[in-house]
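J.: structure for this input, please:
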Amino acid sequence: MALLHYLTQYRFRHMGELIRNENRKQKFCDKNLKGKTLVLTGATSGIGLETARLFAERGARLICINRDRGKSKILERELRERFGCEIQTLIADFSSLEQLKKCADELLKIEKPIDILIHNAGVFNTKRLFSEDKIEMVFQVNHIGAFLLNFRLKEKLKEDNRARIIYVNSEGHRFALAGVHLDDLAWERHLYSGLKSYGAAKTAQLLTMLKYDEFFADCSVTINAMHPGNVRSNIGNNNGRLYRMLKEKLILPSAKDPVLSARALLYLAATDEIEGVSGKFFNLTTEEKPAPHAIDYGRVDEVWNKSLEICGWL
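T.: You can find the predicted model right below:
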């Protein structure tokens, strides 16, 4: 049984490290990013918004992939006025594979190399919902969207030979105690919950990260994942009144400014201290061991092939 198999691999010291790491003093990078190109998904609110602001302030050229055209225009105007930032937006809803593929095609046309690729777009649902592609929404938005963009861009990124790819992942991957149910991604035979679906999507992201790490092993491209800490964001606000009330009462009182996450992303994207480090999971800026089911190399190819199948490439 998968659940028992993974539970026996847990160690209390690892859980203790998880708690300590979130409270550690975070490392900081003060590098200037002038001349660097950042591709950032989900840039109009929360962590994505603060990341866009911080990287623009440091001189980076931004290519933002957002769902909302109106909010994107507001962001473009703000960053140009405040920082003189070079910025463009690609509009894509991560619940549409067709839109994501068109977005990837646009990225392939970029003549300048991509220096940094941050996958930040995400969703948390308390009820089981499906995309227009008939895929469970949380799995598509949180995992398949980033997987698809990476796969389409992988040859360009290898040729450019410089990118740092960063997933905004989550300690929430630990809620998928039995791993990813590849034979039941629609949650028809397993009880659905927001935490389990979110955990499964983030676990799939971590497992396929290991495969991408192998692909980029012979070049300078790196790929890592980061837990952004307990910070204020809009994730989950699409859910019902009860969830929003619980979030306000239980989560937000201790939540920190999302600038904390943006600074951690800047560190992972630019510091010389982790030059060449790849295939790792960070709790903000501290390297940490993921849950056993998220580093099960025996499942990597299964999740990889299922992701390709969902994208229509297998």
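J.: would you mind measuring from the residue lying closest to Glu287 once chain neighbours are set aside to Ala56?
T.: Closest residue in space to Glu287, ignoring its immediate chain neighbours: Lys280 at 5.4 Å, by Cβ to Cβ, 6 or more residues apart in numbering. No exception for glycine: its C-beta is placed from N, CA and C like everyone else's. For Lys280, the distance to Ala56 equals 27 Å [Cβ to Cβ, to the nearest Å].
J.: just Trp304 next, same as before
T.: Taking Cβ to Cβ as the measure, Trp304 falls 34 Å from Ala56.
J.: so which residues of the protein form strands?
T.: Per DSSP state E, the chain has strands spanning 37-41, 61-66, 87-91, 116-119, 164-168, 222-227, 281-283, 286-288. These are given in chain order.
J.: got those as TSV, with mean neighbour count, distance to Asn23 and mean pLDDT columns?
T.: Rendered in TSV, the data for the strands of the chain read as follows (neighbours: other Cβ atoms under 10 Å; distance: least, Cβ to Cβ, whole Å; pLDDT from 0 to 100):
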stretch	mean neighbour count	distance to Asn23	mean pLDDT
strand 37-41	24	27	98
strand 61-66	24	31	98
strand 87-91	17	34	98
strand 116-119	25	24	98
strand 164-168	26	20	98
strand 222-227	24	13	98
strand 281-283	23	10	96
strand 286-288	16	10	94
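J.: next, format those strands as JSON lines and append distance to Leu252.
T.: Formatted as JSON lines, the strands of the chain follow (distance: least, Cβ to Cβ, whole Å):
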{"stretch": "strand 37-41", "distance to Leu252": "24"}
{"stretch": "strand 61-66", "distance to Leu252": "24"}
{"stretch": "strand 87-91", "distance to Leu252": "29"}
{"stretch": "strand 116-119", "distance to Leu252": "24"}
{"stretch": "strand 164-168", "distance to Leu252": "19"}
{"stretch": "strand 222-227", "distance to Leu252": "18"}
{"stretch": "strand 281-283", "distance to Leu252": "20"}
{"stretch": "strand 286-288", "distance to Leu252": "24"}
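J.: looking at those, which is nearest to Leu195?
T.: Comparing the strands of the chain by their distance to Leu195 (Cβ to Cβ), the top pick is strand 222-227, with 14.9 Å.
J.: so what strands line up beside that closest one?
T.: Neighbouring strands of strand 222-227 in its sheet, by DSSP bridges, are strand 164-168 (parallel), strand 281-283 (parallel).
J.: what's the burial count for Leu250?
T.: By other Cβ atoms under 10 Å, the residues close to Leu250 number 9.
J.: ditto for the one 3 residues further on
T.: A count of nearby residues for Pro253, using other Cβ under 10 Å, gives 7.
J.: related to what we said a few turns ago, what about Lys280 and Ala56, which has more around it?
T.: In terms of neighbours (other Cβ under 10 Å), Ala56 is the more surrounded of Lys280 and Ala56; the figures are 23 against 18.
J.: in contact with the residue lying closest to that one once chain neighbours are set aside, which residues?
T.: In this structure, Ala56 finds its nearest non-sequential neighbour in Cys85, 3.9 Å apart by Cβ to Cβ, 6+ apart. By Cβ atoms under 8 Å, 6 or more residues apart in numbering, the contact list for Cys85 reads 56, 60-62, 79.
J.: roughly how far does Cys85 sit from Thr203?
T.: Separation of Cys85 from Thr203 (Cβ to Cβ) stands at 35 Å.
J.: again, but for Met209
T.: As it turns out, when the distance is counted by Cβ to Cβ, Met209 lies 10 Å from Thr203.
J.: neighbour-wise, which of the two wins?
T.: For the pair Met209 and Thr203, the greater number of neighbours falls to Thr203 (30 against 27), based on other Cβ under 10 Å.
J.: from memory the more buried one sits against Ala294, does it?
T.: Yes. At 4.9 Å, Thr203 and Ala294 qualify as touching, with contact defined as Cβ atoms under 8 Å.
J.: what about the stretch 1-150 of the chain, any weak spots by pLDDT?
T.: Within the stretch 1-150 of the chain, the ranges that satisfy pLDDT under 70 run 1-16, 18-19.
J.: dump the residue contacts of Tyr198.
T.: Applying Cβ under 8 Å, 6+ apart, we find Tyr198 in contact with 124, 138, 142, 170, 172, 175.
J.: actually, Phe28.
T.: With contact taken as Cβ under 8 Å, 6+ apart, Phe28 is in contact with 263, 266-267, 285.
J.: tell me the two of the residues you listed that are most distant?
T.: Greatest spacing in those, by Cβ to Cβ: Leu266 and Thr285 (9.7 Å).
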